[in-house]
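Asker: Predicted model follows, preceded by the sequence.
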Amino acid sequence: MSNNTNSTIPAFCQGIQHYGDKWPDFDTYAAQAVIGEGQSAIQNSTDDSAVYQTLLAADALRYLTLQLTGSKGSGHPGGFASSAEAHAALMMLGHTNIVTEVGHHAPGFYSSMLLDSSLEEMGINNVDDMMQRFREKHGLLGHLSGAIPGLLAPAGPLGQGQHFAMAGAYLHRDKLFPVTIGDGGMGEPYVLNSMMHFHTAYPEITNFLPVLIWNGYSQEHHSMVSLHDNEQMTNYWKGHGFEEVVLVDARDFDDSNQTGAYVDSSRFSLKQRLAFTRAVLAGIDSAAQSAMNGKLTAFIIKQLKGTGVHTVGAKSHNLYPADTLDQPHIIDGLTRRALPAEAWQLVRDNLSRAGGGPAAKTVITEGELEFTPLPKLEMTEFDKNDKAVPSTAMGALVAQVGLSDPDYVVTNADGNEASAMKNINDALKIRHPSQDPLYNQEPNGQVYEPLNEDACAGFAAGLALFGSRSIWLSYESFAINGWPIMQTVAQAMAELRRKTPSLVSMFTAGALEQGRNGWTHQRPEIENYFAAMMRNGNSYPLFPCDANSIQVAYEYATASYNKNMVIIASKSPLPVYMTLEESRHAIENGAAVIYESTHAQLKSGSKGTVVFAVTGDMIFLPVFEARDKLEQEGYKVRIVAVVNPRRLCRPADIAWDTVSEPDNKFMDDDHFNALFDGDALLAVSGGPSASLEPVLIRTRAPRRDTFCWKRGETTASPAEIMDFNGITADLMLASIQGFFSHKKAA
């Protein structure tokens, strides 16, 4: 081991527990940083010094990854360890806009951000600081977040990272967006499927580079592709449209007599480690040039999981409380990777210059994307008591935004026409290689329609996170298939240090419209998911009650930043209850009265006041039918459309002050009571009841009841499915009669 003195140790290395001796030929190939001052990448990927220093960077990343996770006896070192040469090569070549599908690679990404000095932006100046704040509040969370300086996007659930890479490539055609993908996640079929569809729709956009970390293992067992040979794996990618597949297999360089298809390159002689690194560096360089020059390209690095850390295989995936820095197996892993102080400074010099400077100052998400300003949206004012289709009314505005903003993308798996939004396709065209005016198909369209909700949600979410406008349109019943990435990005937006257009989605064909299709199209339970997310601080489920209020809801969502805006509406002709101006009042304040009984309607006096708190649009049909029955029996009725329930929460219910672009506007008690005070309150929803929780919590009405979704069934009409779920005027009347008769008897 080296006898480095404190005077030779760089300040950022404070906390490193083990130093090593100089490697052979260190003074020849590491005399000075190969990326010089004023440069942003190595000049020649075959240069001996470049290869040598790339391997130094890879081992520095491995060392920090293991010491970082060992400091907490927690976290995931093994997967990133097998990617280290590829990650180091990308950085040395100046490709620092790196995203990942693998949240478990977080410790390695944090290590790279320490080495390039990006973490100094959050007060992490050395290794001690990094260990102290790893997996701690306001620190370096266990899986990646785009809120960490220099990191572009979150990573947690498998199968999401490629969407961010494709969104980056779409918005920045002159930059490469590598995305590391673990073979443990290759059991998720939509990873390659989504890239294949994107390439079919956007064949000219190839400046994203999947980098497969093929190490044979998932987190607790062998990966599902561990038995593929190299030819099979290459063909797997080529079968999904990749023209160029560059595969570097560590086994081809092994001189340590390892057995099995996957080997640990850190066990090779230095000569062979350098030969392997040379192949990786040249392969990455070739793949990057191919991707930037119009070929859909993938790079695959094949070596054993856990290469260069404390153990290998799935056992290297995760550290447990007993895996601390004082344990022999952790010490052994660290000492094998220990570098001399001079090497640490050299790696810092290279990586802090790569890409033009620290990632925290140079990657595309560290600034706000300039986008086209929108004109004032031209809305159609529908007359009260006329009928109009809410989704069609909104579609006209979506078309206006798309025609004004060439980067705007509309995503939809099941088809806009099926949701009464053909006007979007008429204006913006479906992006499709087969040009056909009958189906509004054009190669340059702005409507992206993969038959995969994950791909729809992922591309729309990636664009919003990276600073551009988008909207995901879907059937409410299918939204759950793509929602996880929307939740991921909503949380990411809550943490960002910059403004970005909000996530906007709209879900049509609610359960009440889908009787003939049966329960496969009746899954409004996802509205409970949206309602729960209100408490996050930046999520807004919106329930416009008609064709006027949906236009206002869309305008409200599109003009917002760092929010998650979810619009729920129908595709059927429905009555109009509010003017545009009344709709603006409702969306800003949370709710509005759309009907209240007059004295003329209750000539014999009132038995009491019944208040309806309602989310939805079609669901108002039985509510107004119940109104007629109640008024005939002498009850005064007030019907309140709950359009933006987040506004009806109490401030303490919402983590509003923890998020970027905070919004602390909540309805006060006086205004709330003016809307909802009565002798009885019926909370009515065409979906589940959670969206009305803010009303049920705050109301002072002595009698409360809920009428909401129970389960799906095949029916001939909305009325029949509402009857099946007990959402009928007669049952609402019976609830009120039962309460008042009990009250009278008492």
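Answerer: On my side now, so go ahead. Everything numeric here is computed off the predicted structure, so don't read it as measured data. Residues are numbered from 1 along each chain as shown.
Asker: I'd assumed His138 was in contact with Ser145.
Answerer: No: using C-beta atoms under 8 Å, Ser145 is not in contact with His138; the gap is 11.5 Å. From N, CA and C alone the C-beta is placed, and that goes for glycine too.
Asker: okay, these two: which has more neighbours?
Answerer: With neighbours defined as other C-beta atoms under 10 Å, Ser145 and His138 compare such that Ser145 has more, 20 against 8.
Asker: what's the closest non-adjacent residue to the more buried one?
Answerer: Spatial nearest neighbour of Ser145, excluding adjacent residues (C-beta to C-beta, 6 or more residues apart in numbering): Pro154 at 5.2 Å.
Asker: Would you list the phi and psi of Ala359?
Answerer: Dihedral angles of Ala359 (phi, psi; degrees, to the nearest 10) stand at phi -60, psi -30.
Asker: So it sits against Leu119, correct?
Answerer: No: the pair Ala359 / Leu119 is not scored as a contact, 9.9 Å apart, by C-beta under 8 Å.
Asker: Could you tell me which residues touch both of those two?
Answerer: Residues touching both Ala359 and Leu119 by C-beta atoms under 8 Å, 6 or more residues apart in numbering: Met113, Pro149, Gly150.
Asker: elements contacting the helix or strand of the chain with the lowest mean pLDDT?
Answerer: Scoring the helices and strands of the chain by mean pLDDT, DSSP states H and E places helix 729-745 at the bottom, with a mean of 86. Using 3 or more C-beta pairs under 8 Å, 6 or more residues apart in numbering; DSSP states H and E, the elements in contact with helix 729-745 are helix 620-632, strand 680-685, strand 703-707.
Asker: can you list the ones you listed in JSON lines and add distance to Trp214, mean neighbour count and mean pLDDT?
Answerer: As requested, the helices and strands packed on helix 729-745 are exported to JSON lines (distance: least, C-beta to C-beta, whole Å; neighbours: other C-beta atoms under 10 Å; pLDDT from 0 to 100):
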{"stretch": "helix 620-632", "distance to Trp214": "56", "mean neighbour count": "19", "mean pLDDT": "96"}
{"stretch": "strand 680-685", "distance to Trp214": "48", "mean neighbour count": "24", "mean pLDDT": "97"}
{"stretch": "strand 703-707", "distance to Trp214": "52", "mean neighbour count": "19", "mean pLDDT": "96"}
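Asker: Assign His105 to one of the three secondary structure states.
Answerer: With DSSP: H, G, I helix; E, B strand; the rest coil as the basis, His105 sits in helix.
Asker: Correction: the previous question concerned Ser111.
Answerer: Following three-state DSSP, the label given to Ser111 is helix.
Asker: Just give me the neighbour total for Thr46.
Answerer: Neighbour tally, Thr46, other C-beta under 10 Å: 11.
Asker: Tell me which residues touch it, please.
Answerer: The neighbours of Thr46, taking C-beta under 8 Å, 6+ apart as the test, are Arg278, Leu281, Ala282.
Asker: any idea which element it lies in?
Answerer: Thr46 is part of no helix or strand when elements are defined by DSSP states H and E.
Asker: Now do it against Leu93, distance only.
Answerer: Remark: distance between Thr46 and Leu93 (C-beta to C-beta, to the nearest Å) = 12 Å.
Asker: Mind listing the shared neighbours of those two?
Answerer: Taking C-beta under 8 Å, 6+ apart as the contact rule, Thr46 and Leu93 both touch Leu281.
Asker: Quickly list the domain ranges of this protein.
Answerer: Here the domain parsing of the chain from automatic domain parsing is 6-366, 387-586, 590-745.
Asker: Which one, of those domains, ends up nearest to Leu377?
Answerer: domain 387-586 (5.1 Å; C-beta to C-beta).
Asker: What mean pLDDT does the closest one get?
Answerer: Here domain 387-586 scores 95 as its mean pLDDT.
Asker: Repeat that for stretch 210-221.
Answerer: 94.
Asker: So for that stretch, what gets flagged as buried?
Answerer: Applying a neighbour-count criterion of 16 or more other C-beta atoms under 10 Å, one finds Pro210, Val211, Leu212, Ile213, Trp214, Asn215, Gly216, Tyr217, Ser218, Gln219 buried in stretch 210-221.
Asker: where's Met486, which helix or strand?
Answerer: Element membership for Met486 (DSSP H and E) is helix 483-495.
Asker: Now His432: closest residue in space, sequence neighbours ignored.
Answerer: Nearest non-adjacent residue to His432 (C-beta to C-beta, 6+ apart): Gln441, at 3.9 Å.
Asker: Within its local environment, how many residues does that neighbour see?
Answerer: Per other C-beta under 10 Å, the neighbour tally for Gln441 reads 18.
Asker: List the buried residues in stretch 351-368.
Answerer: For stretch 351-368, the neighbour count (16+ other C-beta under 10 Å) marks 351-355, 357-366 as buried.
Asker: That should have said stretch 240-251, apologies.
Answerer: With burial defined by 16+ other C-beta under 10 Å, the residues of stretch 240-251 counted as buried are His240, Phe242, Glu244, Val245, Val246, Leu247, Val248, Asp249, Ala250, Arg251.
Asker: before we move on, what about stretch 589-601?
Answerer: Asn589, Gly590, Ala591, Ala592, Val593, Ile594, Ser597.
Asker: thinking again about what came up before, out of the helices and strands packed on helix 729-745, the one nearest Lys175 is which?
Answerer: Checking the helices and strands packed on helix 729-745 against Lys175 by C-beta to C-beta gives strand 680-685 as the closest, at 45.8 Å.
Asker: Following the chain onward from the lengthiest helix in the chain, which element is next?
Answerer: Counting by DSSP state H, the longest helix found in the chain is helix 48-72. Following helix 48-72 in sequence order, the next helix or strand is helix 78-81 (DSSP H and E).
Asker: quick one: the very next helix or strand once past that following helix to helix 48-72, angle?
Answerer: Remark: after helix 78-81, the chain's next helix or strand is helix 84-92, criterion DSSP H and E. Here helix 84-92 runs at 120 degrees with respect to helix 48-72, directions being taken by axes from the mean of the first three to the mean of the last three C-alpha atoms, to 10 degrees.
Asker: Identify all contacting residues around stretch 438-455.
Answerer: Contact with stretch 438-455 is made by 159, 163, 190, 193-194, 197-198, 201, 402, 406, 408-416, 422, 424-426, 428-435, 456, 459, 474, 478-479, 481-482, 485, as judged by C-beta under 8 Å, 6+ apart.
Asker: Apply 6 Å and report the result again.
Answerer: 190, 194, 197, 402, 409-413, 425, 428-435, 478, 481-482 (C-beta atoms under 6 Å, 6 or more residues apart in numbering).
Asker: So which of the residues you listed sit within helices?
Answerer: Among the contacts of stretch 438-455, the members found in helices (DSSP H) are Tyr190, Ser194, His197, Gly402, Asn425, Leu428.
Asker: which of the buried residues of stretch 210-221 lies closest to Ala690?
Answerer: Closest to Ala690, out of all of the buried residues of stretch 210-221 and judged by C-beta to C-beta, is Gln219, at 32.8 Å.
Asker: who touches the closest one in this structure?
Answerer: Here Gln219 is in contact with His317 (C-beta under 6 Å, 6+ apart).
Asker: separation between it and Gly79?
Answerer: Per C-beta to C-beta, Gln219 is found 8 Å from Gly79.
Asker: Pop out the phi and psi values for Ser560.
Answerer: Main-chain torsions, Ser560, degrees, to the nearest 10: phi -100, psi 170.
Asker: What distance do you get for it to Thr362?
Answerer: Using C-beta to C-beta, we find Ser560 at a distance of 28 Å from Thr362.
Asker: And Leu55, by the same measure?
Answerer: 24 Å.
Asker: what's across from the closest residue to Ala701 other than its chain neighbours in the sheet?
Answerer: Closest residue to Ala701 apart from its sequence neighbours, by C-beta to C-beta, 6+ apart: Leu681 at 3.9 Å. Beta bridges link Leu681 to Val611, Arg704 when assigned by DSSP bridges.
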